[in-house]
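Participant: sharing a sequence plus its predicted fold:
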Amino acid sequence: MQKFLQQDLSSSLLSIAVLFGWLGISFVFLRLLALSIKKILEAVFKNTNQLK
């Protein structure tokens, strides 16, 4: 932590911003993946209920 604080402040802030950016992008992709899986499962179970 001490070495991190001794670096240039702008490079430290840029590193933190890039880290948060990647975290945000990964959460968006995970959310899109979850929604698409949910839609696929709803469609599959809707079709199986109509066949009964």
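Facilitator: Noted; the coordinates are in hand.

Participant: show the model's pLDDT score for A34.
Facilitator: In this prediction, A34 carries a pLDDT score of 97.

Participant: let me fix that, I meant to ask about L51.
Facilitator: pLDDT at L51 comes out at 63.

Participant: mind starting the numbering at 23 from now?
Facilitator: Will do, 23 is the new start, and the previous item becomes L73.

Participant: roughly how far apart are E64 and L57?
Facilitator: To L57, E64 is 11 Å away according to CB to CB, to the nearest Å. (C-beta placed from N, C-alpha, C; glycine too.)

Participant: so where's the protein shaky on pLDDT?
Facilitator: The model of the chain has pLDDT under 70 over residues 23-29, 73-74.

Participant: residue closest to the middle of it?
Facilitator: F49 (1.4 Å; CA atoms, centre = their mean).

Participant: show me what the helix or strand harbouring L54 is packed against.
Facilitator: Per DSSP states H and E: L54 is located in helix 31-73. Secondary-structure packing of helix 31-73 (3 or more CB pairs under 8 Å, 6 or more residues apart in numbering; DSSP states H and E): no helix or strand packs against it.

Participant: for it, what is the distance to the chain centroid?
Facilitator: The gap between where helix 31-73 is centred and where its chain is centred comes out at 4 Å by CA atoms, centre = their mean, to the nearest Å.

Participant: likewise stretch 65-74?
Facilitator: That offset, for stretch 65-74, works out to 30 Å (CA atoms, centre = their mean).

Participant: tell me the buried residues in it?
Facilitator: Within stretch 65-74, not a single residue qualifies as buried, counting by 16 or more other CB atoms under 10 Å.

Participant: got the CA coordinates for that stretch in CSV?
Facilitator: Output of stretch 65-74 as CSV, limited to C-alpha atoms (Å, rounded to 0.1, in the frame of the first residue of the first chain):
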residue,chain,number,x,y,z
ALA,A,65,-39.4,-19.9,-23.7
VAL,A,66,-38.5,-23.6,-23.1
PHE,A,67,-40.8,-24.0,-20.2
LYS,A,68,-43.6,-22.1,-21.9
ASN,A,69,-43.4,-24.6,-24.8
THR,A,70,-43.3,-27.6,-22.5
ASN,A,71,-46.4,-26.4,-20.7
GLN,A,72,-48.3,-26.0,-24.0
LEU,A,73,-47.5,-29.6,-25.0
LYS,A,74,-49.2,-31.0,-21.9
